[in-house]
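> From the sequence below, what's the structure:
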Amino acid sequence: MKKLLLACTVCMCFAVSANAQEQREGTFSDTVNMNSYLKLHLTTLFEFEPALQFGYSYPVNAGRGQLQHEIGYVTWNRSYMLSTDRDDISFHGFRIRNQYRHYYLTKRAAEVKDELEKDYNRNYFALDVMYKYGNIWQVREIDYGAYFEDVGMVTHKHVGAIHVIVGKESEFLASGETILDYYFGFGLRYKGFASEYDDLVPHNDLSPFFYDSISRASLSFMAGVRIGFKI
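Purely as a prediction, here's the structure:
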């Protein structure tokens, strides 16, 4: 009888231990993410130069990190313009963003993990590199000295940036199949402009008034939200 009770106790302990391990491995908040996601970048739709931007993320380093690649079509939102006499302007471009993220366990997530309760957040920090190109077609009056001429011209805009980011992935609608990806970060940004008519047209005539056409480097802040679908 004692042997039977001992055997039952051992089996129960093993079952509890296995169940605990299963719950730990099943918690959403962890330092490992083996899922791949297709993402839509929601906040880029509301920028001064809006972009329809999609991303794909997948696990690396045994799931302790993820690589994310994004590409988007960039244009502009004419509703941001305060003047109505700039119908001769057209802006189009693209943006490419690559990111490596590493997951870490917060103090709260560690407590939840020890309590064998399910958390709904996964935290990370990341290094993000971005390149954006745009070209502005517009008609401008050029002074050749002896006469004036309306000329269609293209101004090329190049932007490069690198940011350090802190973010969080949260389950959306209580389903691990869909997540919301929140982030913010700081870094450096450089933008440059080039046009074949640089010497003939003042810079403030090369683009809309809110469009800073001075080539320079600057500090940068970024924040946003993506929605991701597990694939």
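
> and Leu38, what is it in contact with?
54-56, 228-229, 231 (CB atoms under 8 Å, 6 or more residues apart in numbering). To be clear about C-beta, it is placed using only N, CA and C from the backbone, and glycine gets the same treatment.

> Can you list the strands that whatever helix or strand it lives in pairs with?
For Leu38, the host element (DSSP states H and E) is strand 37-41. Sheet pairing here is set by DSSP bridges, and for strand 37-41 it gives strand 51-60 (antiparallel), strand 216-230 (antiparallel).

> most neighbours per residue, which of those?
strand 51-60 (a mean of 18; mean count of other CB atoms under 10 Å).

> for this protein, what spans make up the helices?
2-26, 107-114 (DSSP state H).

> which stretch in these has the least confidence?
Confidence, taken as mean pLDDT, is least for helix 2-26 of those (a mean of 42).

> Number of residues surrounding the nearest residue to Val225 once chain neighbours are set aside?
Closest residue to Val225 apart from its sequence neighbours, by CB to CB, 6 or more residues apart in numbering: Leu42 at 4.9 Å. Using other CB atoms under 10 Å, Leu42 has 14 other residues around it.

> wait, isn't Leu42 in contact with Tyr183?
No: Leu42 lies out of contact with Tyr183 (CB atoms under 8 Å); the separation is 11.7 Å.

> any shared contact partners between these two?
224-225.

> chain center to the strand holding Leu38: distance?
9 Å (CA atoms, centre = their mean, to the nearest Å).

> Low-confidence stretches in this structure?
Residue ranges of the chain with pLDDT under 70: 1-29, 77-88, 109, 112-119, 174-176, 199-213.

> show me where it has strands.
37-41, 51-60, 65-74, 89-104, 121-143, 148-172, 175-195, 216-230 (DSSP state E).

> Make a markdown table from those and add distance to Thr31 to it.
Converted to a markdown table, those look like this (distance: least, CB to CB, whole Å):
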| stretch | distance to Thr31 |
| --- | --- |
| strand 37-41 | 17 |
| strand 51-60 | 12 |
| strand 65-74 | 9 |
| strand 89-104 | 5 |
| strand 121-143 | 9 |
| strand 148-172 | 12 |
| strand 175-195 | 16 |
| strand 216-230 | 18 |
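
> nearest to Glu111, of those?
For Glu111, the closest of the strands of the chain is strand 121-143, at 12.6 Å, according to CB to CB.

> For the closest one, name the packing helices and strands.
strand 65-74, strand 89-104, strand 148-172, strand 175-195 (3 or more CB pairs under 8 Å, 6 or more residues apart in numbering; DSSP states H and E).

> which stretch among the ones you listed comes nearest Phe125?
strand 148-172 (5.2 Å).

> Paired strands for the closest one, with orientation please.
Under the rule (DSSP bridges), strand 148-172 has strand 121-143 (antiparallel), strand 175-195 (antiparallel) as partners.
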